[in-house]
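Chemist: predicted model, plus sequence, below.
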Amino acid sequence: MKPLDCCALADLLIEIAWEKNRIRHTEIFLAENVNSYRDSFPGSIFEKWPEPSRIKETFVLSVKPGELTGPYDPKRVVTLPLRRLLHSVDPDSLRPGRYYPQGIISGLPGVFTSTLSPFRLKELTPSDFTADLNHPMADVGMKISIRFLETSLKPCERGGTSTDWMDIILKGPGMQALDPDTPAHPFYGPAFDRTNADPDEDFYKTNRFVHHIDTTASKNLADLYSRFLKTGDTVLDLMAGWVSHLPEHPEPASVYGLGMNAAEMKDNPSLTRFIVQNLNRNPVLPYPDHFFDTILCSLSVEYLTDPITVFREAARVLKPGGNLVMGFSNRWFPEKAIRIWADLHEFERLGLVTRFFAESGRFHDIETLSVRGYPRPIEDKYFPRLREADPVYVVAGKAD
């Protein structure tokens, strides 16, 4: 690793951890080519670069609520008449507890129709609505860990454009936190309808053998899974396919598969054995109580039409303290995903799955994790149109 000075670029792995409403959250972001001169402006977290002899260390910062996002201001919770919404917005489509772009509200200072900064809808009546315009993380403290992965020299420079990396990283995180003042109904009713209501057996009988995320995202998902696995675990791959996204270590003793396509599961080298079952038709898991150490579900939770029952079944077949781990990204089969999934911001989907855990009433120590910012492999078919690897999101909880 080359010395770090004012003429350097650095790749940094930044991990942000916080807790809200007794649920832990972790955001992991790879910031590439952070400019040691331009991006270390006063007030940024990079303002004080470490000495060259210390760049192999991990630096941990404690950030007070509002220090990076602006303080939480009760005056930014405003009640406005419905006529302040753009004419293209149907008030009947809005749900308290959800986030929406501030640009759909007219007359806000410094806000335009293109403004995507979110507000949380707190209340909705036939005549007005209440919007919380504060940043979703304005009221929480954070622990930020920064690890230097690589540095390289660049020509010394003056001037140029600075990048506010924390502004980029904090666009989205915080939106997964549940609002204790909002009932569960925003996520129910027609939210679980699907575009293609034909039997799932007809859809999944086709052998696809496609990768649903790129190889970097698959590795990132496996790395997250490794946090919840132990050597010798008995694992259930729920809604399994031909790839289980398991890490090389720790190594489980056995991996059971339950999915919709026998040919794909037969080709999955990770599976010890498997069965075919449609959880939307029969959500009862065909295993005895307290049988598994860990249950993983990769890139499929968005297809469950009765998730609460499935989560309760998962808790039944898990050993006490066993982990249920739901991993997903921003790619899916739109015709088979539940209706609400496409409507939600990516971080709101973390909140939706968190609500499944909470409302099942069978889990504790619930947490969310997200990984973003990694470069997409150049051999991936979507490169260079998409430069970043697919983001990876995980919600996990321990069975009671």
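Modeler: Cool, got the structure.

Chemist: how is this protein carved up into domains?
Modeler: Here the domain parsing of the chain from automatic domain parsing is 8-66+139-155+163-169, 74-132, 185-399.

Chemist: ok, and for stretch 91-110, which residues are buried?
Modeler: The neighbour-count check on stretch 91-110 (16 or more other C-beta atoms under 10 Å) flags 94, 95, 96, 97, 98, 99, 100, 102, 103, 104, 105, 108 as buried. From N, CA and C alone the C-beta is placed, and that goes for glycine too.

Chemist: wait, doesn't the third one sit right on residue 124?
Modeler: Yes - using C-beta atoms under 8 Å as the test, residue 96 is close enough to residue 124 to be in contact (5.5 Å).

Chemist: mean pLDDT lowest where, among the domains of the chain?
Modeler: When the domains of the chain are compared by mean pLDDT, domain 8-66+139-155+163-169 comes last with a mean of 89.

Chemist: how long is it end to end?
Modeler: Using C-alpha to C-alpha, to the nearest Å, one end of domain 8-66+139-155+163-169 lies 21 Å from the other.

Chemist: same thing with stretch 368-380?
Modeler: With C-alpha to C-alpha as the measure, stretch 368-380 spans 27 Å from end to end.

Chemist: show me what counts as buried in that stretch.
Modeler: Quick answer for stretch 368-380 (16+ other C-beta under 10 Å): 368, 369, 370, 371, 372, 373, 374, 376, 380.

Chemist: can I assume residue 311 sits in a helix?
Modeler: Yes - counting by DSSP: H, G, I helix; E, B strand; the rest coil, residue 311 is part of a helix.

Chemist: for residue 362, see how far away it is.
Modeler: Here residue 311 is placed at a distance of 7 Å from residue 362 (C-beta to C-beta, to the nearest Å).

Chemist: ok, those two, which is more surrounded?
Modeler: residue 311 (28 against 20; other C-beta atoms under 10 Å).

Chemist: count of neighbours near the residue lying closest to that one once chain neighbours are set aside?
Modeler: Nearest-residue entry for residue 311: residue 360, 3.9 Å, with adjacent residues in sequence omitted and distances by C-beta to C-beta, 6 or more residues apart in numbering. A count of nearby residues for residue 360, using other C-beta under 10 Å, gives 21.

Chemist: what's the spacing between residue 360 and residue 325?
Modeler: Residue 360 is 14 Å from residue 325, where distance means C-beta to C-beta.

Chemist: one more: residue 37?
Modeler: 41 Å.

Chemist: max-length helix in this protein?
Modeler: helix 346-360 (DSSP state H).

Chemist: neighbouring contacts of that one?
Modeler: Contact partners of helix 346-360, identified using C-beta atoms under 8 Å, 6 or more residues apart in numbering, comprise 23, 98-99, 172-178, 184, 187, 301-302, 307-308, 311-312, 315, 324, 326, 328, 330, 340-341, 344, 363, 366, 368, 370, 391, 393, 395, 397.

Chemist: these in strands, which ones?
Modeler: 23, 99, 324, 326, 328, 363, 366, 368, 370, 393, 395, 397 (DSSP state E).

Chemist: can you report how many residues lie near the fifth one?
Modeler: Residue 328 has 25 neighbouring residues, counting by other C-beta under 10 Å.

Chemist: isn't it up against residue 393?
Modeler: Yes - with contact defined as C-beta under 8 Å, residue 328 counts as touching residue 393 (5.4 Å).

Chemist: what about the strands in the stretch 201-350 of the chain?
Modeler: 234-240, 254-259, 273-276, 292-298, 318-328 (DSSP state E, counting those that start in this stretch).

Chemist: tabulate these in JSON lines, adding columns for distance to residue 139.
Modeler: Formatted as JSON lines, the strands of the stretch 201-350 of the chain follow (distance: least, C-beta to C-beta, whole Å):
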{"stretch": "strand 234-240", "distance to residue 139": "35"}
{"stretch": "strand 254-259", "distance to residue 139": "40"}
{"stretch": "strand 273-276", "distance to residue 139": "46"}
{"stretch": "strand 292-298", "distance to residue 139": "31"}
{"stretch": "strand 318-328", "distance to residue 139": "26"}
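
Chemist: identify whichever of the ones you listed lies nearest to residue 336.
Modeler: Shortest distance between residue 336 and the strands of the stretch 201-350 of the chain, using C-beta to C-beta, is found for strand 234-240: 11.4 Å.

Chemist: possible to save the buried residues of stretch 368-380 as JSON lines with distance to residue 141?
Modeler: Formatted as JSON lines, the buried residues of stretch 368-380 follow (distance: C-beta to C-beta, whole Å):
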{"residue": "368", "distance to residue 141": "17"}
{"residue": "369", "distance to residue 141": "18"}
{"residue": "370", "distance to residue 141": "19"}
{"residue": "371", "distance to residue 141": "22"}
{"residue": "372", "distance to residue 141": "21"}
{"residue": "373", "distance to residue 141": "23"}
{"residue": "374", "distance to residue 141": "27"}
{"residue": "376", "distance to residue 141": "33"}
{"residue": "380", "distance to residue 141": "37"}
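
Chemist: and stretch 37-46, how far apart are its ends?
Modeler: Length of stretch 37-46, first residue to last, C-alpha to C-alpha: 10 Å.

Chemist: tell me the buried residues in it?
Modeler: 37, 39, 40, 44, 45, 46.

Chemist: from what I see, the third one and residue 12 are in contact.
Modeler: It refers to residue 40. No - counting by C-beta under 8 Å, residue 40 does not reach residue 12; the two are 11.7 Å apart.

Chemist: from residue 29, how far off is residue 389?
Modeler: For residue 389 relative to residue 29 (C-beta to C-beta), the value is 12 Å.
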